[in-house]
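Novice: Kindly return the folded structure for what I paste below:
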Amino acid sequence: MTPVDMLLIGAGGFAAGAVNSVAGGGTFFSFPAMLAVGLPPVVANASNSVALWPGSLSGAWAYRRELARYTRYLIPMGIASFLGGAAGGLLLLAAGDARFAALIPWLLAFATGLFAFSPQLASALRRMRRRAPVAPLAAAASRAEVPAGHGAGSPAGWAVQLLVAVYGGFFGAGMGILMMASLAIGGHEDVQHINALKNLLSAVIYSVTVITFILAGAVSWPHTLVMVVTASLGGYWGARMARNIQGAWLRRMVIAVGAALTAYYFYKTLG
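Specialist: Below you'll find the model as predicted:
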C-alpha cells in the first residue's frame, strides 16, 4: 500500500464516517476508495464494512442523550438489526455484488422519496389510526407509550428493520437513508431522534457483519486499519455537527444526499 493509497483511503474513510453520522450514505465515499486502490469488489465491500464499524459506534455514542428514552424500543429493533445484518453478510459472501448492483439506484430513489414525503405519510397514517376502532385499554396504552418513546415498537416496524438490515449487511450504500425513511414513516417525528436511532441500529448491523466477514477471511487488514482510524474520527465529528443543525436543514441534507447517491448510481449503472 503506497502513501497515495493511504491518503485516498483515509480521506474516503473520514468523509464516510462524517456523512453516515449526519445523513447516511457514507459508503458512497469509502467503497469507491477501496476499489480505487485495487481491491476486488467483495473484499473491498467487506473491508469497507469492517472499517466503518467503529465510526458507527462513535456516532451512536455522540447521540447517547437522545437514545436514553428508547430503551424498550431498541431491544426488539436491535435483534431485528442483528439477524438481518447476519443474513445480508452471508448473502454477500455467497453471491457477491454484481447481482445486486442493478437494484441499488432504484432502492435509493425509493428510500429518498419515502424520506422526503415521510411527514405527509406519517400524518396520513395517524389519521387512519384515529378512524380505526380501538379498544379502550389499547388506546390508552398507545397514548401513554407511543408519544413518549414508541414503547417496544410494532411487528411491522421490526419486519421493515429486518429488511433494511439485510440490505445493509449485503451492500450498505444508502442503508442510512432507508433506515431514516422507515423510522420516519413509523411515526418518529424528531429528525435528531431519527438520526440517533439510525446511528445505533447501523452500529448493530455493522457489528454482526464485521464478525461474519472476519470469520470468512474476506477482509484486507492493512487497508481496513487505515480507514478504521479516519472513519471513527469522521463519525464522531459528523454526529457532533449534526446536533447543531436545525431539524429542517438536517432533513434537507438527508434528501440531498439521497438524491446525489441516486443520480450517481443510475449514471454508473446506465452509463
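
Novice: Tell me the spacing between residue 20 and residue 52.
Specialist: Shown here: residue 20 relative to residue 52, a distance of 7 Å by Cβ to Cβ, to the nearest Å. Where you see a C-beta, it was placed from the backbone N, CA and C, and this is true even at glycine.

Novice: Could you do residue 193 as well?
Specialist: In this view, residue 193 and residue 52 are 22 Å apart by Cβ to Cβ.

Novice: One more: residue 7?
Specialist: Here the criterion is Cβ to Cβ. By it, residue 7 lies 18 Å from residue 52.

Novice: so what's residue 59 up against?
Specialist: For residue 59, the residues meeting the contact criterion (Cβ atoms under 8 Å, 6 or more residues apart in numbering) are 17, 20, 21, 199, 202, 203, 235, 236, 238, 239.

Novice: Among these, which ones are in helices?
Specialist: Residues of the contacts of residue 59 located in helices (DSSP state H): 17, 20, 21, 199, 202, 203, 235, 236, 238, 239.

Novice: Now do the helices in this structure.
Specialist: Taking DSSP H as the criterion, the chain carries its helices at 3-22, 27-36, 41-62, 64-67, 71-95, 98-101, 104-116, 118-131, 136-149, 155-170, 175-185, 191-216, 221-243, 247-270.

Novice: Keeping just the C-alphas, turn the third one into PDB.
Specialist: Spelled out, it's helix 41-62. Output for helix 41-62, consisting of C-alpha atoms alone and laid out as PDB, is shown next (Å, rounded to 0.1, in the frame of the first residue of the first chain):
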ATOM      1  CA  PRO A  41     -15.300  -5.900  -5.100                       C
ATOM      2  CA  VAL A  42     -16.200  -8.400  -2.400                       C
ATOM      3  CA  VAL A  43     -13.000  -7.800  -0.400                       C
ATOM      4  CA  ALA A  44     -13.500  -4.000  -0.800                       C
ATOM      5  CA  ASN A  45     -17.100  -4.300   0.400                       C
ATOM      6  CA  ALA A  46     -16.200  -6.500   3.400                       C
ATOM      7  CA  SER A  47     -13.200  -4.300   4.300                       C
ATOM      8  CA  ASN A  48     -15.300  -1.200   4.000                       C
ATOM      9  CA  SER A  49     -17.900  -2.600   6.400                       C
ATOM     10  CA  VAL A  50     -15.300  -3.500   9.000                       C
ATOM     11  CA  ALA A  51     -13.700  -0.100   8.600                       C
ATOM     12  CA  LEU A  52     -16.900   1.800   9.200                       C
ATOM     13  CA  TRP A  53     -17.900  -0.200  12.200                       C
ATOM     14  CA  PRO A  54     -16.100   1.900  14.900                       C
ATOM     15  CA  GLY A  55     -17.300   5.100  13.200                       C
ATOM     16  CA  SER A  56     -20.900   3.900  13.600                       C
ATOM     17  CA  LEU A  57     -20.200   3.200  17.300                       C
ATOM     18  CA  SER A  58     -18.700   6.600  17.900                       C
ATOM     19  CA  GLY A  59     -21.600   8.300  16.100                       C
ATOM     20  CA  ALA A  60     -24.100   6.400  18.300                       C
ATOM     21  CA  TRP A  61     -22.200   7.300  21.400                       C
ATOM     22  CA  ALA A  62     -22.400  11.000  20.500                       C
END
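
Novice: roughly how far is that helix from the heart of the chain?
Specialist: Relative to its chain's centre, helix 41-62 lies at 11 Å (Cα atoms, centre = their mean, to the nearest Å).

Novice: try the fourth one
Specialist: Here helix 64-67 is found 17 Å from its chain centre; the criterion is Cα atoms, centre = their mean.

Novice: packing partners for it?
Specialist: helix 191-216 (3 or more Cβ pairs under 8 Å, 6 or more residues apart in numbering; DSSP states H and E).

Novice: which residue sits closest to residue 193, ignoring its sequence neighbours?
Specialist: Taking Cβ to Cβ, 6 or more residues apart in numbering, and ignoring the residues beside it in sequence, residue 193 has residue 66 as its nearest neighbour in space, at 5.3 Å.
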